[in-house]
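Participant: any chance you could fold what I've pasted below:
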Amino acid sequence: MGEQVAEPLRKFASSRICKVSGFSTELVEFHSEEPVLHILFIPGNPGIVSFYKKFIEAMYENFEGRASITGIGHVSHTKKTCVTRRTFSLQDQINHKVDFIKQELQDTKIPVIMVKLTVALYPFLTRNKGSFKQDFIGFISRSSILSAAVSTLSYSLGLLPTRVKSFLVRRSLGPSWTSSAVDIIATNLLEYQTMRSILFMTLTEFEELAEDPDWSFIRSKQGEIAILFGDDDHWGPLTLLEEISKQAPDVHLAVEKEGHTHAFCCTDAGSVWVADHVASLIKIRILSAET
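Facilitator: Numbers count the residues shown, from 1 in each chain. Just a heads-up that it's a prediction; the model follows:
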């Protein structure tokens, strides 16, 4: 009988809370012993980086331990990082990420690659004026009364027993979502202050995205930018892809057609597919260019 070759043990991303500009911040990360690059991942809204743990782990496996990866969450978007009686705008969250880079990555000697999701792509995106969903979300975020009502409802649901909360979330989202994604929603989104923070950031996002994308900036960096669109994603409609291809033809554009949704991080298959896509782009456009 031949000897069995033991498979390497799978590594899991670690999570921790660190202070950035005085605010508690959630990180999900891998530290490579011999990295050739560092990937910084920034989520959209909600900015709960633990949603993307499977995605970050799949990215790390793609690079076979040669990349350090850090995912950073938004201030006050989780129960652990909640700041009482304060909300944070889109610009506040951007400043927070800049402060993190200065604090943690300033002296990094290897390339730092930024991977961002949806509105974290500002100033690359603009509001989808043809989306009823965006109109509805914007309507709620603009109303202090409705925002407070939605936040209060979330808080009330959060008072239910854990099993009941998880059951309701599962019934609302469908069976394809992972148990960890359901638990993250039940733990963090069913809180008054986190929901207020998310809705206030949404309000300021819509204010910023009412303007056209910063085409001059995009054109100046187009050789360094790659954007993945969904086949049917109102946050990044294909009409925007067409506009980018005209305004900045050297931006690498791709469309996902495998059936994964905007919430790809909440399914194992979606997390792995997007991680494979992103990793292959980095290998081709960054690593191969340096060898």
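Participant: gap between Gln134 and Phe264?
Facilitator: 19 Å (CB to CB, to the nearest Å). C-beta coordinates here come from the backbone N, C-alpha and C atoms, glycine included.
Participant: between these two, who's got more neighbours?
Facilitator: Between Gln134 and Phe264, counting by other CB atoms under 10 Å, Phe264 is the more crowded of the two (24 against 18).
Participant: so who does the nearest residue to that one once chain neighbours are set aside touch?
Facilitator: Leaving aside its sequence neighbours, Phe264 sits nearest to Gly270 (CB to CB, 6 or more residues apart in numbering; 3.2 Å). The contact partners of Gly270, by CB atoms under 8 Å, 6 or more residues apart in numbering, come to 260-261, 263-264.
Participant: now the strands for the stretch 51-200 of the chain?
Facilitator: For the stretch 51-200 of the chain, the strands defined by DSSP state E, counting those that start in this stretch occupy 67-72, 112-116.
Participant: counting neighbours, which of the contacts of Gly270 end up buried?
Facilitator: Buried by 16 or more other CB atoms under 10 Å: 260, 264, out of those.
Participant: which pair in the contacts of Gly270 spans the largest distance?
Facilitator: Spatial extent of those (CB to CB) is set by the pair His260 and Ala263 at 8.7 Å.
Participant: what's the pLDDT at Ala6?
Facilitator: pLDDT, Ala6: 50.
Participant: what's the answer for Ser216, then?
Facilitator: Looking at Ser216, the pLDDT reads 90.
Participant: which residues does Leu37 bridge with?
Facilitator: Taking DSSP bridges, one obtains Ala67 as the residues bridged to Leu37.
Participant: now do the contacts for the spatially most central residue of the chain.
Facilitator: For the chain, the residue sitting closest to the mean C-alpha position, by CA atoms, centre = their mean, is Pro43 at 1.8 Å. Residues in contact with Pro43 (CB under 8 Å, 6+ apart) are 49, 51-52, 71, 73-74, 117, 120.
Participant: that'll do, ta.
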